[in-house]
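Student: my questions concern the predicted model and sequence given below.
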Amino acid sequence: MERPKPDSGEGKTIMSKLHAGVVLLILGLAGAGVELWGKSGAFRPVALAGNEMPAGAPGSASSGHLNRASKSFDVMKSSSFRMLVDPLAPPPQTIDKPVEQVRKNIQVLKGLPDSQLFPLMNVVGDSLGVHCDYCHVTQGPDPATGRDRWSYERDDKPAKGRAREMMKMVLDINKTSFGGNQLVTCYSCHRGTTRVQQVVPLPPVDFTLPGTERKRAALPTAEQLLNDYVKSVWGQNAGTNLKTIVYKLVVERSQGRTNAVWQQILPTTQEIMIKGSDKYLVRITTPQGVITQAVNGSVGWISDNKGSRELSAAEVEQLKRNALLYAAVKMVEQPAQMTVLGLEKLGDRDAYVVSVTARPQTTTKYFFDAQTGLLLRKLTTTSTLLAPLPEQIDYEDYRDVGGVKFPFTIRTSEGAAFVTRTRKFTEVKINISVDDAVFKMPANQKQ
Ligand code: HEC
Ligand code: HEC
């Protein structure tokens, strides 16, 4: 179902933005979700699925007790592509007022940063299995732009009032019964529907029968899981010979975002090149032409058919985070930072779940296939006033390329349906020769 994009009522194309000198990040096209429109119509990056690269909590990277696994992890560091960004650096400063100062009719969510309001509303809708119009009033599409005109502040619909009460209840339950931890959310009860279940499903399972009880099996250590992961990606050679990776892929957006503005920035194909540990390039073919963005050591740039410019430090950082999606080994954390939570079902697979808390507000869970050892999912949650905001990367369809395992499908998603992106790789090549010159910014620099 279509969800409106906050304040995105302007139709400038990505190209004009490139030259308008606004904070530009088409990085989202290459990597995972990036909030393309901020309040003023400027591109505004937010940390989203696939862009998170938490690692190296203090003292962990080289804390001596990594024994058996440490060799692999050194290899992970040196020959998997990973330009290390400081994972504990505070996120870029954004001017972010409390929502009650920006919006017209906030009674419960006071203190929530305004940038979190829409992501949270998406999650509220997802939890109940409804669209925004279940609670909010719309006046139909604006004839000029074709976009829906919403009056979010209005309280006409009873569901909105009910939702307010529920929000108060959730804040209260977590405070009084769960020590302020955000354990109960709308989803805990609603499970994707407005009808909340009261009765257990019958006939009941007979838990005296063998195999019915969910017993706690002995779990592997984080170190074993990481070791298995690295080995299953690289085989016994531990990837020491991985010099370049070149991908061709098609990026599919989920259904739902059909208006003209989004169509304009819909990339169809991409080419990605990785060389050594500090060179990364993404070439995006859009209906308007080709856009290239790259990181070359500490420098980043972006270019299209009208010119090029250097990226800001924050943009370079973001691009590096995106790059991790395409590294052979897709995580940078060390075992000492991880807690093994248990075995869970992921579709028809059994997966070991490991969690890392990089910052107080942010938790990442990795799901490793219990049979193959490969990484199946990365789920990052950021807690907010009301409920955690999830961002997920799913790695699917692993295939062997010259002895290295690559997922041939990568899907990134978060609360809003239209943000889901599925990257399908049409070609993956390793160790083909890629000239260093490719990563240099084209000379015709403007601005
Ligand atoms: C289940 C009901 C429900 C759904 C679904 C829902 N909202 Fe809300 N929304 C609320 C409630 C309740 C408030 C007021 C919160 C408060 O008073 O603190 C609110 C407030 C807002 C506001 C602030 C309005 C103002 O000016 O005061 C915006 C904007 C908003 N929602 C957008 C959305 C969007 C976009 C969606 C769909 C992605 C959505 N909402 C889905 C219940 C809902
Ligand atoms: C502790 C369980 C629980 C939690 C948590 C919970 N709800 Fe509910 N909710 C219910 C129950 C039970 C009903 C049905 C009440 C009824 O039938 O009158 C309900 C009904 C609703 C309805 C009315 C649905 C309809 O029939 O139109 C809305 C809207 C709603 N909840 C929103 C929310 C939102 C938003 C959250 C999170 C902020 C939330 N709920 C969290 C239990 C919960």
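Tutor: Perfect, I can see it now. Numbering: from 1, shown residues only. Ligands and ions are numbered 1, 2, ... in the order given.

Student: near ligand 2 at all, the longest strand along the chain?
Tutor: Counting by DSSP state E, the longest strand found in the chain is strand 389-401. No - judged by Cβ under 6 Å from any ligand atom, strand 389-401 stays clear of ligand 2, getting no closer than 13.5 Å. C-beta: built from backbone N, CA, C; applies to glycine.

Student: if you count contacts, what does that strand end up packed against?
Tutor: If contacts are counted by 3 or more Cβ pairs under 8 Å, 6 or more residues apart in numbering; DSSP states H and E, strand 389-401 sits against helix 117-128, strand 375-382, strand 404-414, strand 421-430.

Student: can I get the ones you listed in TSV with mean neighbour count, mean pLDDT and distance to ligand 2?
Tutor: Output for those, formatted as TSV (neighbours: other Cβ atoms under 10 Å; pLDDT from 0 to 100; distance: least, Cβ to the nearest ligand atom, whole Å):
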stretch	mean neighbour count	mean pLDDT	distance to ligand 2
helix 117-128	21	97	5
strand 375-382	21	96	16
strand 404-414	21	95	18
strand 421-430	17	95	27
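
Student: of all these, which one comes closest to residue 439?
Tutor: Across those, residue 439 has its closest neighbour in strand 421-430 (17.0 Å, Cβ to Cβ).

Student: show me what that closest one pairs with in its sheet, parallel or antiparallel.
Tutor: Its sheet considered, strand 421-430 pairs with strand 244-253 (antiparallel), strand 404-414 (antiparallel) by DSSP bridges.

Student: figure out which of these is closest to residue 108.
Tutor: By Cβ to Cβ (comparing all of the strands paired with strand 421-430), the closest turns out to be strand 404-414, at 22.7 Å.

Student: do any residues in the closest one lie close to ligand 1?
Tutor: No - using Cβ under 6 Å from any ligand atom, strand 404-414 never reaches ligand 1; the gap is at least 11.9 Å.

Student: send the alpha carbons of that strand over as PDB?
Tutor: Output of strand 404-414 as PDB, limited to C-alpha atoms (Å, rounded to 0.1, in the frame of the first residue of the first chain):
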ATOM      1  CA  VAL A 404      33.900 -17.200  -2.700                       C
ATOM      2  CA  LYS A 405      30.200 -17.200  -1.700                       C
ATOM      3  CA  PHE A 406      28.200 -14.200  -2.600                       C
ATOM      4  CA  PRO A 407      24.500 -13.600  -2.000                       C
ATOM      5  CA  PHE A 408      22.900 -13.000  -5.400                       C
ATOM      6  CA  THR A 409      19.900 -11.200  -3.800                       C
ATOM      7  CA  ILE A 410      20.100  -8.500  -1.200                       C
ATOM      8  CA  ARG A 411      17.000  -7.000   0.200                       C
ATOM      9  CA  THR A 412      16.900  -3.900   2.400                       C
ATOM     10  CA  SER A 413      13.700  -2.800   4.100                       C
ATOM     11  CA  GLU A 414      12.300  -0.700   6.900                       C
END
